[in-house]
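Participant: how would this look folded up:
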Amino acid sequence: MSEVLEQEERRQKRPVFLTVIGILSLINIGWSLLTNFFSLIGGPMNEEELEEAKIEMTKSINQVRGTEGMEWFEDFMRSIIDMMESTNTHHTMNVLTGILILLIGLVGVIFMLKGRKLGFHIYIVYSFLAAVQIYLFIAPSLLSNMIVIISLFLSGIFVLLYGLNLKWMK
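Facilitator: Residues are numbered from 1 along each chain as shown. Next up is the predicted model:
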């Protein structure tokens, strides 16, 4: 009888590792929600702000131009400029979509922290949507593959880390 109680007690204690990655996810999602809300309130950049941002990025390109092995940086920054213009055009829908996706992620993390396996599946959907959301507002030809690859890689790492805790979840 006491052995059954000990097993149930161990089952009820959330793994420390799950708590750590859950807190990291909550910080990331919370910060992203906050910046998205402020971005929504602030609205898109006006022409002057957009031009100023493009000038600053062009200065960065000019600083590394001619440096051996840095050609990729110039291409990357040019694609960032194109992406910035495109997302600014679709600012409100982009931000609202981002907020919706972040809320999905928030629900997934909270469910996992409460021990519900459904949260893991919701988190997978969130991770995929967060990685491909950019394609809704930016033409694939303007998109730097590196951004999507890094996003998918980081999402994959967190999905794997959460997957290590599936035994604890019901």
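Participant: in the lengthiest helix in the chain, what's buried?
Facilitator: Secondary structure of the chain per DSSP state H: the longest helix is helix 16-42. In terms of neighbour count (16 or more other CB atoms under 10 Å), helix 16-42 has its buried residues at L18, I21, G22, S25, I29, S32, L33, N36, S39. Every residue, glycine included, has its C-beta placed from N, CA and C.
Participant: need those residues in TSV with pLDDT, can you?
Facilitator: Below are the buried residues of helix 16-42 laid out as TSV (pLDDT from 0 to 100):
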residue	pLDDT
L18	97
I21	98
G22	97
S25	97
I29	98
S32	97
L33	98
N36	97
S39	95
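Participant: which of those residues sits closest to N165?
Facilitator: Nearest to N165 out of these is L18 (CB to CB; 4.2 Å).
Participant: hmm, L166 and that closest one touching each other?
Facilitator: No: in this structure L18 lies outside contact range of L166 using CB atoms under 8 Å: 9.8 Å.
Participant: leaving out the residues flanking it, which one is nearest to the one residue sitting closest to the centre of the chain?
Facilitator: Geometric centre of the chain, nearest residue: A130, 5.5 Å, by CA atoms, centre = their mean. Of all residues not flanking A130 in the chain, I101 sits nearest, at 5.4 Å (CB to CB, 6 or more residues apart in numbering).
Participant: what comes up buried for whichever strand or helix holds that neighbour?
Facilitator: According to DSSP states H and E, I101 maps onto helix 91-113. Going by neighbour count (16+ other CB under 10 Å), the buried part of helix 91-113 is 91, 94-95, 97-99, 101-102, 104-113.
Participant: immediately after that helix, which helix or strand?
Facilitator: Counting by DSSP H and E, what follows helix 91-113 is helix 118-132.
Participant: list the contacts of R65.
Facilitator: Neighbouring residues of R65 by CB atoms under 8 Å, 6 or more residues apart in numbering: E74.
Participant: tell me which residues are up against stretch 44-62.
Facilitator: Counting by CB under 8 Å, 6+ apart, F73, E74, M77, R78, I80, I81, M84, E85, N88, T89, H91, T92 sit against stretch 44-62.
Participant: low-confidence stretches in this structure?
Facilitator: 1-11 (pLDDT under 70).
Participant: how about L40: what's its closest non-neighbour residue?
Facilitator: Using CB to CB, 6+ apart, the nearest residue to L40 is V95, at 4.7 Å.
Participant: can you add distance to L136 and give the buried residues of helix 16-42 back as a markdown table?
Facilitator: Shown next, in a markdown table, are those (distance: CB to CB, whole Å):
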| residue | distance to L136 |
| --- | --- |
| L18 | 31 |
| I21 | 28 |
| G22 | 28 |
| S25 | 23 |
| I29 | 19 |
| S32 | 17 |
| L33 | 19 |
| N36 | 15 |
| S39 | 16 |
